[in-house]
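sharing a model prediction with you, sequence too.
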Amino acid sequence: MNAFSESVSVALNLIAQADAALWQIVALSLRVSTTACALGAGFGLLLGAWLAVARFPGHAVVVGVLNTLLALPSVVVGLVVYLLLSRSGPLGSWGILFTPTAMVIAQSILVVPLIAALTRQLVTDALREGGDELAAMGAGRLLSALLLLAHARLAVLTVLLTAFGRAVAEVGAVMIVGGNIDGVTRVMTTAIALETSKGDLPLALALGIVLLGVVAVINLAAGLLQRRGQAALPLTAGAAA
Amino acid sequence: MSGLPPHMAPALAGSAAQPAAPLLLALQQAGVQFGAQAALRDITLQIHRGDRIALVGANGSGKTTLLRLLNGLLPPTSGQRLLPAGGRPPITAMLFQRPFLLHFSVRRNLQLALWLAGVPAAERAARVDGALQRVGLQAKAALPARSLSGGQQQRLALARAWAVQPDILFLDEPTASLDPSAKREVEQLIDDFGQAGMALVMSTHNLGQARRLANRMLYLDAGRLLADLPVDDFFHRTDLPPEAAQFLKGELPWT
Amino acid sequence: MDLTTPTRLLRRATLALLAATALAGPALAQGNFIVMASTTSTEQSGLFAHLLPAFKAATGTDVRVVALGTGQALDTGRRGDADIVFVHDQVAEEKFVADGFGLKRLPVMYNDFVLIGPTADPAKVRGKDITAALQKVGTAGAPFVSRGDKSGTHAAELRYWKAAGTDIAAAKPAGYKECGCGMGPALNIAASTGAYVLADRGTWLNFKNRADLAILVEGDTRLFNQYGVMVVNPAKHPHVKVALAQAFADWVVSPAGQASIAGYKIGGEQLFFPNAGR
């Protein structure tokens, strides 16, 4: 139990001292993962909405592939993106390997299947409820799907929080495409991996605690937003988003 | 497109609208098949301006399917849905038993409906205000649509319909889930809309309501249109098809 | 936002999204920095945190270190993803230059390896002779952790085993385990299983999870680990920042750079011994 209690005190110390290096790493983690989620949402929400309404031969196959990609290991994504962005690779001329941009790209790829799969289900359920009325009002299938996303925005927020969790917690992709360069591409998870491999386990755990703390604050904020959204309605009306 | 030859008319029909009233929409031997199940068979009917049609029949007789077919939400699997040659296709709106309102304000719901209907931006504000006034919901304009009571939500759905100025308003059991006072309010509004010149096609279980609001009755049984009569004829003729007569006898005591 | 019809909105939104992603692509790789591929053991020794600020003060250039195993670091150089490579495997480095991926190899410094093991030392290896020590480990079948990751340390370890008469590729002694991992994780495993492990002094001095491990064999000249620096060849990769990379190579073998290396100490102990131009 020593390592655990020691790491809690190390964590509290780190936060209290407002260590500049630590907060720089936290800030980078948040920047990379939120940008990746924003980018991923752009594609994922559209893809999920489209899949919920599209009808074409092979639709079931596409959905099957999408669901399989939910289990995509982050290190595999990292490897693929690395090979694409390497100077010896097809997109080498962009010169973005070992930069935060590459990390954003890798994490976006990671979260798109997650967002798309969850959105597809969300939209399918919402269409069951309101698809007829929207069609009667003149909305085409895809437009209905997108309107329902705006309508079910609290559920969409949960999807995005899930994606953010996946992104901010992963280490395989950002390690490979970012290179864990001190001061440039070191994020919380790669810092934890580094301290672990150096044998400084209490510090590694402490960093983990800080990471969870930051994410907890974000979720708290999101939860307050959701409760405000629900509070606008009386208890009896419209309980399910 | 002029009148249909006699052999294409339904089993028992009469004309409720004035002969000169413009034709809005027609079905010609239309059928809808869901897999092996025939939901509608051989439906032939015309809707004219001024029609106030009540669509009755037992549960599962195909009323909802017929409404959706008429409104163009489903294509017919046999036969045709016909629009008058020349002139524009009819503008339609539809009310469902439980209105689906988006998680936005009352006003925003109306604006969205107008946007979807392709109404130019300049006209939208005026139409929204007009519609809210028509149904008496101006005071609630800024509230979340879902915070309204059941009756108010249905009135909002009517406002949504009014705002697009439809030629035909389809209604699928619009008062079935409302309490009596809300039911009266909504019926009154539907009546007003009909008076204002909107053609109405409304399915209902409530024969009293049908008698109050309609000038023409359609009776559906197992997907077939068995009667298409002026409302008085429907309730007083003695030579109704047996299923219709049975239906009347069964429903009347309850209305 | 006045949008005329729903379908037009949809089309515009899709185009905007595609445009945004297309623009995000080609970022500029300019900037006053070079990317250096080096090894995890060097980074974990803390040398760079001491050395690189001195270089920056002298030239204003940032050095971005990507720390990998030696094999991976050289591969990064081959691919052109680094401007300069700084590793410790002379044979591999000379091949790198011979294959045309690097300009001249410059020796920079050496550190040393030490044989780490449980204080109780069941195989009785304590001393100054690495070859004898490994022979005893092999015979006793004592637990031994190898990095097994084609790193410079791993390559050195295999050489010492060969000198002790064991060809690891052919037959592993009982108790020999490969983890395919870096120096720190290997030490972690040794600490928790009471095994012997070959480590570089720098990582060991910084390692905090020692359990009951201690240095058992040190000082054998065969344990000295030579570092070399090579600028990646612009003939193979024209985008390499040759001028800046050469500036680093020249600085690190210059008296200023060499003094900085010698000045790096952990707990008063010097870790790296500059030997450029010898």
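Thanks, I have the structure now.

when you work out contacts or count neighbours from here on, use the C-alpha atoms and nothing else.
Noted.

what's near enough to touch the closest residue to residue B:51 other than its chain neighbours?
Leaving aside its chain neighbours, residue B:51 sits nearest to residue B:199 (5.1 Å; criterion: CA to CA, 6 or more residues apart in numbering or on different chains). Residues near residue B:199 by CA atoms under 8 Å, 6 or more residues apart in numbering or on different chains: B:47, B:48, B:49, B:50, B:51, B:52, B:53, B:167, B:168, B:169.

give me the local confidence score for whatever residue of the stretch 101-250 of chain C ends up closest to chain A.
With CA to the nearest CA, the shortest gap between the stretch 101-250 of chain C and chain A falls at residue C:184, namely 4.4 Å. With respect to pLDDT, residue C:184 scores 87.

I'd say it and residue C:207 touch.
Yes. The criterion here is CA atoms under 8 Å, and residue C:184 meets it with residue C:207 at 7.1 Å.

what sits against the residue of chain A positioned farthest from its centre?
Most distant from the centre of chain A: residue A:136, at 35.6 Å, with distances by CA atoms, centre = their mean. For residue A:136, the contacting residues are B:71, B:73, B:93, B:94, by CA under 8 Å, 6+ apart.

ok, how many other residues are close to whatever residue of the stretch 101-250 of chain B ends up closest to chain C?
Nearest to chain C, among the residues of the stretch 101-250 of chain B, is residue B:118, at 5.9 Å (CA to the nearest CA). Look at residue B:118: counted by other CA atoms under 10 Å in any protein chain shown, it has 15 neighbours.

do the same with residue B:240
Neighbour number of residue B:240 under other CA under 10 Å is 18.

report the secondary structure state of it.
Of the three states, residue B:240 takes coil according to DSSP: H, G, I helix; E, B strand; the rest coil.

I'd like to know which elements the one helix or strand residue C:92 maps to is packed against.
Using DSSP states H and E, residue C:92 falls within helix C:90-98. Helices and strands touching helix C:90-98, by 3 or more CA pairs under 8 Å, 6 or more residues apart in numbering or on different chains; DSSP states H and E, are helix C:70-79, strand C:102-118, strand C:224-232.

quick revisit: save the contacts of residue A:136 as JSON lines, and put in neighbour count and distance to residue C:194 too.
Shown next, in JSON lines, are the contacts of residue A:136 (neighbours: other CA atoms under 10 Å in any protein chain shown; distance: CA to CA, whole Å):
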{"residue": "B:71", "neighbour count": "21", "distance to residue C:194": "80"}
{"residue": "B:73", "neighbour count": "16", "distance to residue C:194": "75"}
{"residue": "B:93", "neighbour count": "26", "distance to residue C:194": "80"}
{"residue": "B:94", "neighbour count": "28", "distance to residue C:194": "78"}
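
show me the beta-bridge partners of the residue nearest in space to the middle of chain C.
The centroid of chain C falls nearest to residue C:39 when counting by CA atoms, centre = their mean (1.1 Å). Beta-bridge partners for residue C:39, by DSSP bridges, are residue C:68.

if I pick it, what's in contact with it?
Residue C:39 makes contact with C:66, C:67, C:68, C:69, C:70, C:73, C:86, C:87 under the criterion CA under 8 Å, 6+ apart.

and those residues, which is closest to chain A?
Closest to chain A, out of all of the contacts of residue C:39 and judged by CA to the nearest CA, is residue C:66, at 5.1 Å.

can you give me the strands in the stretch 51-200 of chain C?
When assigned using DSSP state E, counting those that start in this stretch, the strands of the stretch 51-200 of chain C occupy the ranges C:62-68, C:84-87, C:102-118, C:144-146, C:176-178, C:196-200.

for the worst-scoring helix or strand of chain A on mean pLDDT, packing partners?
Least confident helix or strand of chain A, by mean pLDDT, DSSP states H and E, is helix A:2-17 with a mean of 82. In terms of contacts (3+ CA pairs under 8 Å, 6+ apart), helix A:2-17 is packed against helix A:201-231.

on contacts alone, who are the packing partners of the helix it packs on?
helix A:2-17, helix A:153-169, helix A:188-197.

next one: that helix to chain centre, how far?
Relative to its parent chain, helix A:201-231 has a centroid offset of 14 Å by CA atoms, centre = their mean, to the nearest Å.

what angle separates it from helix A:2-17?
Helix A:201-231 runs at 60 degrees relative to helix A:2-17, counting by axes from the mean of the first three to the mean of the last three CA atoms, to 10 degrees.

next, residue B:44: secondary structure please.
Residue B:44 - assigned by three-state DSSP - is strand.

distance-wise, check it relative to residue A:101.
Using CA to CA, to the nearest Å, we find residue B:44 at a distance of 64 Å from residue A:101.

can you check residue C:61 too?
Counting by CA to CA, the gap from residue C:61 to residue A:101 is 21 Å.

sorry, back to before: dump the contacts of residue B:199 into a markdown table; add neighbour count and secondary structure as well.
A markdown table is the format used below for the contacts of residue B:199 (neighbours: other CA atoms under 10 Å in any protein chain shown; DSSP: H, G, I helix; E, B strand; the rest coil):
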| residue | neighbour count | secondary structure |
| --- | --- | --- |
| B:47 | 21 | strand |
| B:48 | 21 | strand |
| B:49 | 20 | coil |
| B:50 | 22 | coil |
| B:51 | 25 | coil |
| B:52 | 29 | strand |
| B:53 | 25 | strand |
| B:167 | 18 | coil |
| B:168 | 28 | strand |
| B:169 | 24 | strand |
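
and the residues you listed, which two are the farthest apart?
B:53 and B:167 (13.6 Å; CA to CA).

any idea how far stretch C:61-76 is from the chain center?
Using CA atoms, centre = their mean, the offset of stretch C:61-76 from its chain centre is 7 Å.

pLDDT (mean, whole number) over that stretch?
For stretch C:61-76, the per-residue pLDDT averages 94.

same deal with stretch C:247-263?
96.

which residues sit against that stretch?
C:47, C:50-51, C:54-55, C:106-108, C:229-231, C:270-277.

give the buried residues for that stretch.
C:248, C:249, C:251, C:252, C:253, C:257, C:258, C:260, C:261, C:262, C:263 (16 or more other CA atoms under 10 Å in any protein chain shown).

next, give phi and psi for the fourth one.
Residue C:252 adopts backbone torsions of phi -70, psi -20, taken as degrees, to the nearest 10.

so how far is residue C:148 from it?
From residue C:252 to residue C:148 the distance is 30 Å (CA to CA).

kindly report the same for the third one.
Using CA to CA, we find residue C:251 at a distance of 33 Å from residue C:148.

quick one: low-confidence parts of the chain?
Chain wasn't specified; assuming chain A. When residues are selected by pLDDT under 70, those of chain A lie in A:1, A:230-241.

wrong chain, I was asking about chain C
C:1-14, C:16-30, C:278.

domain boundaries for it, per the record?
With domains defined by automatic domain parsing, chain C comprises C:33-111+C:224-274, C:112-223.

save those domains as a markdown table, and put in distance to residue B:188 too.
Listed next are those as a markdown table, based on distance: least, CA to CA, whole Å:
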| stretch | distance to residue B:188 |
| --- | --- |
| domain C:33-111+C:224-274 | 76 |
| domain C:112-223 | 79 |
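
residue contacts, residue A:182?
By CA under 8 Å, 6+ apart, the neighbours of residue A:182 are C:64, C:65.

isn't there a helix covering it?
No. Under the criterion used here (three-state DSSP), residue A:182 is coil, not part of a helix.

next one: phi and psi at it?
Dihedral angles (degrees, to the nearest 10) for residue A:182: phi -60, psi 120.

go on, the one 5 residues further on?
In this entry, residue A:187 is assigned phi and psi values of phi -120, psi 180 (degrees, to the nearest 10).

neighbours of it, how many?
Neighbourhood size, residue A:187 [other CA under 10 Å]: 29.

roughly how far does it sit from residue C:276?
Taken as CA to CA, the span from residue A:187 to residue C:276 is 35 Å.

so which residues on chain B come close to chain C?
B:115, B:116, B:118, B:120, B:121 (CA under 8 Å from any CA of the partner chain).

so which of these wins on neighbours?
Of all those, the highest neighbour tally under other CA under 10 Å goes to residue B:116, namely 23 neighbours.

I appreciate the help and will end here.
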